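Enquirer: Build the 3D model from these lines:
(2 chains)
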Amino acid sequence: MSSRAPAILVLEDGRVFRGEAYGSVGETFGEAVFNTGMTGYQETLTDPSYYGQVVAQTAPQIGNTGWNDEDDESRRIWVAGYVVRDASRIASNWRAERGLEDELASQGVVGICGVDTRALTRHLREAGAMRVGISSRDTDVAALLQKVRATPHMAGANHVGAVTASEPYTYQAKEPRYTVAALDLGIKRNTPRRLAERGITTTVYPAYAEVDQLLSGRPDAVFLSNGPGDPATADHQVALTRELLRRKVPVFGICFGNQILGRALGLETYKLKFGHRGINQPVLDRHTHKIEITAHNHGFALRAPESGEFFETDFGRVQVSHICLNDDVVEGLTCLDVPAYSVQYHPEAAGGPHDADYLFDRLIELIQQQEGAPTHA
Amino acid sequence: MPKREDLKHILVIGSGPIQIGQACEFDYSGTQACRVLREEGLRVTLVNSNPATIMTDPEFADATYVEPITTEVIEQIIAKEKPDAILATLGGQTALNAAVGLHEAGILTKYGVELIGADMDAIQRGEDRQQFKEVVLKVGGEVPRSAVCHSMDEVRSTVKDLGLPVVIRPSFTMGGLGSGMAHTWEDVDRIAGNGLAESPTTEVLIEESVLGWKEYELELMRDHNDNVVVVCSIENVDPMGVHTGDSVTVAPSMTLTDREYQHMRDVGIAILREVGVDTGGCNIQFAIDPATGRMIVIEMNPRVSRSSALASKATGFPIAKIAAKLAIGYTLDEIPNDITKATPAAFEPTLDYVVVKVPRFTFEKFPGADPTLTTTMKSVGEAMSLGRTFQQALQKALRSTETKQAGFWTRPDPEGATLENTMEALKTAHDGTLYTAERALRLGATIAEVHEACKIDPWFLDQVAQLIDLRGEIENAAVVDEALLRRAKRAGCSDAQVAALRPELAGEAGVRRLRHRLGLRPVYKTVDTCAAEFEAHTPYHYSTYEDETEVAPSNRPKVMILGSGPNRIGQGIEFDYSCVHAVQALREVGYETIMVNCNPETVSTDYDTADRLYFEPLTFEDVTEVYQAENESGRAAGGPGVVGVVVQLGGQTPLGLAERLQDAGLPIVGTSPKAIHSAEDRGVFGRLLDELGLVAPAGGTATSYEEAREVAAQIGYPVLVRPSYVLGGRGMEIVYDEDTLAGYISRATEASPEHPILIDRFLDDAIEIDVDCLCDGTDFYLGGIMEHIEEAGVHSGDSSCALPPITLGATVIEQIRDYTAKLAFGIGVRGLMNVQYALKDEQLYVLEANPRASRTVPFVSKATAVPLAKAAARIALGAQIAELRGEGLLLPEGDGSDAGPEVPISVKEVLLPFKRFRTVEGAGLDAVLGPEMKSTGEVMGIDSSFGLAFAKATLAVYGKLPTSGNVFVSVADRDKRAIVFPVRRLVDLGFTVYATEGTGLVLKRHGIDFTPVARHSSGEAVDAVSLIASGEIDLVITTPSASSGPRTDGWEIRSAAVVADVSCVTTIQGAAAATQAIESASRGEIRVASLQELHQRLRGSETAV
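Expert: Okay, here's the model as predicted:
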């Protein structure tokens, strides 16, 4: 308990929070963001979209269920740093293999605990996401602040290269009906799993794959994954997507992939003040007029077209098909003249509710509609 | 989908009297519903027999029927009011059962009334165990292996299949009534036998034991458009086998991974859709095998439940309010989230704090009752706390319960506690299992061992173990420095707990001084539904020790109102009612009202009630810190800060703090703590009575047995003995001789100079009278005079009473008014006072005067159309009675002492919980009334005559009134003369009389035929007890003889009646009143009238004078 070393958290605007060392002892930097999920810390930590970010959990009791070998959403923990209020001393769950803190330490993740995470969250809400440093090695605030101010901003950051797979790999469905080529911008394991459950075999390609490589296996559709960083830097993927749209290849994008599709359709992206990170976000699906409670992790969003719900693009008419009920942020696009759609959130959940799972069924429908229609031209 | 335009008029059904398993949470939900429906422009008709509810205040509905919730009565209301629809999902099991009754009687069809919220099919699918099981299986969920049985033969063969132990649950009962775990064949016979009898459908479910599994609940909401959200997950710290209402629970769930939680959520949503609850809230319980994660669905409530109230308070998401809006057609996305204003209700709240609820038991009220916690709920109340960590929330919740143990370590371990006997005690779930677990860990048991014994999840046990480590550090530190004290406060330790560990710090006050010197003060965070993602506009706060406080500055004059804490017998909803009224009255005249309370069931802890809500323990430390925070922030904003603290309305809890709070500089308004003390202090009060020329029964105080014996000898037996400063007659007894007195003193060991024992002459056969009044120092206002039905000696809280008094003459009433005014001025009352008198041989004796809101305030307010608590709050802040008369808050002229002949009679009757309890052997409890209060709730019956009003009150409590059949009579010698007349009337009405020999002989001599019945002690095959148990008796009249106690004949008869659920009258006055009621009821004269009509008549006639 009191054996923990003191630690500090310094924001770029000079606000300081004090706590104790958690996980690996050391120093770390990144963009300070908060996640409001009450469950799913293991999924959060291993979500590549958090690359470069120091994540504060608003839920105060973290680590209670320890760490297991089943719930990782990728090959490692990606967060740049971890901020919690109260770290569990033991792991209590029948699937737990070890404690969360052991895992953080063994993966070299610097964290801080005992922090007034609510005050931090309120500050980020008011002042916006910003750069931050944590140190459990040296508690000199001024020195840390200087270092924080020297780190790069998230806006303009290209992090896709850091998280993407180095080589293509395939996730086999048991009884395959279709194949999908997924562009790995930071894909989570649950995505190919959700697809496989529907009989879709997924081949995951590195983020800088060219269109011919992506389509080499003659996939029935292309999936654009979630991922970290500023979508404004993803010019390669945007160009690739425009080519897919031109060829009428069915495209489904989520999160970062939604932003890429949006950019391919001519929309701009912008940085949200503090982003959407949590598993309780209400989204309205304009097709069904139903509300789904969804998992979000995005600091950037598509700027809503001025014409409102429908807009004209190089690829025909497009509908803003999903919006967030909290703040009207664009949460999904559906192309009406080409086979493409996307959502800004995470239908694969993990962590989070499964309300948006139907979006994978829509991919099947889209593929079936395209069967017989000329593609890959 | 916007509001339905075809609905113009809704009938809301309330939940009736407070009882175990169904407390004031349904006043909270019903009040919200009524408020919402009226805001939406609908006409609201309400039926609820409980006068102590805010929802039955006339301003919450267009027509309020304080009438019995029975099919016949509701039919009359429907016929008269012609509502379009009925909302029955917010009034607990009572309302839901009433809806089922109306449906089965064809009344819904007859009058073309629609059920909104949940329709009859959905109610059946959710409530009927077999149908529900099919629903769960259909959506892919798992259920315990089980079978529904309708007879003991079926039960036995099922148990053979499943193997012991098994759980037995009767269908359609509330709060798990009659449920139990059977470990042996004897258990099976007993529990299933009772269960078949309790179930209105003679149906019990026998199921595989999931004892010791982890237990969870989800609170869900659904709208017309099939949108579903999960409002809250709740994890029970106590494992399966302990009723949720009796468990320590925590929100959100603490030991589920996302994968497991989402699976639970998926299954929950699928069930809700399949059951087909159209709109509104529902609650589903799950069990998880800790070893394998196998998840089983236990049950659902297709309505707003006790847990919904808890979830609403825990999250800030007002389930009942939203449910009411959904019921009239809105969808979740159309309803704004009150707290953020900017976002819709279509979302799932996320918490950045931990909520712990701890149940409150009153086993001490029911000697002989089995205190083991089982699947039948036994707690009478609960306290909830919020903290930023589980440890903090748990410790705050423990001290909120106001039990002798105010948190860990505040009492020495029980004498002779060893690791072995502590571990043994852990094997049985009991009140305070966590205290026992703490002791076991501290005495050296490992977490694994403790888990094995009590099945509490290791995570919770480790949290307790961390507190024990902290305790070690506090005990062993050379100095309690800032860092250590900060850690203790962050872990939720009170100053008193730290003081208990470090005696040299000079007690709680010493720790407090040290803490303040070190600058350690709590900050206040906000409950905002969204973990600070959006700005909150609702000042709903809890304390914690962290960096940043969120108390918003305000320059308005502030008044703090201290609530009454967890419900318990003797201190329940009535006090919350008065506190809410104070808030309403003071808000109206411009004060910023600040509510402090820790009871999640109440209206007072609805964030809509006061301007600011602090969900905090009602302890000296927690209250003074709230005061400090509010006062300083108010003054910093240029305002006057806190100008008043109201302690007289929340019962004994805030009253007990009054003196210390005043000494600490808090501005206590209203009657001063000194005046309060003078009424409580025997000597001071006695001198005052002498000065005023008033008479009290002879009495004295004693601090030892010798003194007590002397006093008793001097005044003569029988004497009434009790400890000073109690509410609800705790420890009060009538003592007939010296031996019994010695026994009493040895049991009530707390006699000491600080806690003397009061001894009074007991007035046999006196009429007891209760008076509520107001005084402002200049003027006096008599609120109402209540004449008790039962004689003096039965606790006023358990006695039924009538207002206006039915037998008192004008001279006595004038004398009562005169005495009461003298007392009010003499004591220095500034607000409410309750006085109890006994009238014997034309002499009026003052029994006690309590210068505070009493239990009867809501009843008197409803019966007289005068909101006494509102007036009291205004007087406390300086208003004059004359002024309040002018405003119309009080009657312009006259008061409650001059009821005219046209004024209807209001009768208060009480609900007794005997049937909830059993002895360890499974026998019923003695249903006799005495000076110690035992009732949990009350009802009101209003009509033109006493008989009708009493009949309504009886119907409201029991749901039935036997109007023919067999009556069994056996009374004590002193009652034999008085019993003749009532029995004769019963015979005239067609009853057949069964009587014991002595009673029968008296009846015979008065020409009444009877069938003789052997006494139970006679050893005959057929005796009084077996006759009652066989169900042949419809009404039992039995009065206790002086030698009452376990195993006497009377005891056996009364407990047999409890077990058989036969109406049982235990006083001679009660028998007379019951006879009048039966007479009135059998003439079919029961008619309904709304409170608005009544008040129009009362206020109309008064103002017309």
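
Enquirer: List the contacts of residue 164.
Expert: In the absence of a named chain, chain A is used. A:184-186, A:206-208, A:227 (CB atoms under 8 Å, 6 or more residues apart in numbering or on different chains). The C-beta positions use only the backbone N, C-alpha and C, and glycine is treated the same way.

Enquirer: wait, chain B
Expert: The contact partners of residue B:164, by CB under 8 Å, 6+ apart, come to B:182-185, B:188.

Enquirer: For ChimeraX, write the selection for the buried entries among those residues.
Expert: Those of the contacts of residue B:164 that count as buried under 16 or more other CB atoms under 10 Å in any protein chain shown are selected in ChimeraX with:
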select /B:182,188
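
Enquirer: which among the contacts of residue B:164 gets closest to residue B:510?
Expert: Distance to residue B:510 across the contacts of residue B:164 (CB to CB) is lowest for residue B:183, with 49.9 Å.

Enquirer: my read: the closest one touches residue B:168, true?
Expert: No - with the criterion set as CB atoms under 8 Å, residue B:183 and residue B:168 do not qualify as a contacting pair; they are 11.3 Å apart.

Enquirer: For the stretch 251-377 of chain A, which residues are neighbours of chain B?
Expert: Contact residues of the stretch 251-377 of chain A with respect to chain B, defined by CB under 8 Å from any CB of the partner chain, are listed as A:278-282, A:284, A:289-291, A:293, A:325-327, A:349-354.

Enquirer: Filter these down to the buried ones, PyMOL style.
Expert: This is how PyMOL selects the buried members of these, with burial counted by 16+ other CB under 10 Å:
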select buried, chain A and resi 278+279+280+281+282+284+290+291+293+325+326+349+350+351+352+353+354
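
Enquirer: Of the residues of the stretch 251-377 of chain A next to chain B, which belong to helices?
Expert: Cross-referencing those with the helices (criterion: DSSP state H) gives no overlap at all.

Enquirer: re the thing from before, in TSV: the contacts of residue A:164, plus distance to residue B:164, secondary structure and pLDDT.
Expert: Supplementary listing: the contacts of residue A:164 in TSV, determined by distance: CB to CB, whole Å; DSSP: H, G, I helix; E, B strand; the rest coil; pLDDT from 0 to 100:
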residue	distance to residue B:164	secondary structure	pLDDT
A:184	56	strand	97
A:185	58	coil	97
A:186	55	coil	97
A:206	61	strand	97
A:207	61	coil	97
A:208	66	coil	96
A:227	57	coil	96
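
Enquirer: Of all residues in the stretch 201-350 of chain A, which one is closest to chain B?
Expert: Going by CB to the nearest CB, chain B is nearest to residue A:280 of the stretch 201-350 of chain A, at 4.0 Å.

Enquirer: Spatially, and excluding backbone neighbours, which residue is closest to that residue.
Expert: Nearest residue to residue A:280, sequence neighbours excluded (CB to CB, 6 or more residues apart in numbering or on different chains): residue B:348, at 4.0 Å.

Enquirer: right, and that neighbour touches residue B:231 too?
Expert: Yes - Residue B:348 is in contact with residue B:231 according to CB under 8 Å; the separation is 7.0 Å.

Enquirer: Show me which of the contacts of residue B:164 is closest to chain A.
Expert: Ranking the contacts of residue B:164 by separation from chain A, with CB to the nearest CB as the measure, puts residue B:183 on top at 26.2 Å.

Enquirer: what's residue 318 in contact with, if anything?
Expert: Because you didn't say which chain, this covers chain A. For residue A:318, the contacting residues are A:265, A:310-312, A:333-336, by CB under 8 Å, 6+ apart.

Enquirer: actually it's chain B I care about, not the one you picked
Expert: B:32, B:312, B:338, B:606-608.

Enquirer: how about 10 Å then?
Expert: By CB atoms under 10 Å, 6 or more residues apart in numbering or on different chains, the contact list for residue B:318 reads B:28-29, B:32, B:36, B:231, B:308-309, B:311-312, B:324-325, B:335, B:337-339, B:345, B:529, B:606-608.

Enquirer: Could I get the full set of strands for the stretch 701-850 of chain B?
Expert: For the stretch 701-850 of chain B, strands defined by DSSP state E, counting those that start in this stretch occupy the ranges B:719-723, B:733-735, B:757-761, B:767-775, B:780-791, B:801-803, B:831-840, B:843-850.

Enquirer: Parallel or antiparallel, list what pairs with the second one.
Expert: Sheet neighbours of strand B:733-735, with direction, are listed as strand B:719-723 (antiparallel) (DSSP bridges).

Enquirer: In contact with the residue nearest the centre of chain A, which residues are there?
Expert: Residue closest to the average C-alpha location in chain A (CA atoms, centre = their mean): residue A:49, at 3.7 Å. With contact taken as CB under 10 Å, 6+ apart, residue A:49 is in contact with A:73-74, A:78-79, A:159, A:163, A:185-188, A:225-229, A:255-256, A:277, A:297-299, A:346.

Enquirer: Show the pLDDT at residue B:755.
Expert: Here, the pLDDT recorded for residue B:755 equals 71.
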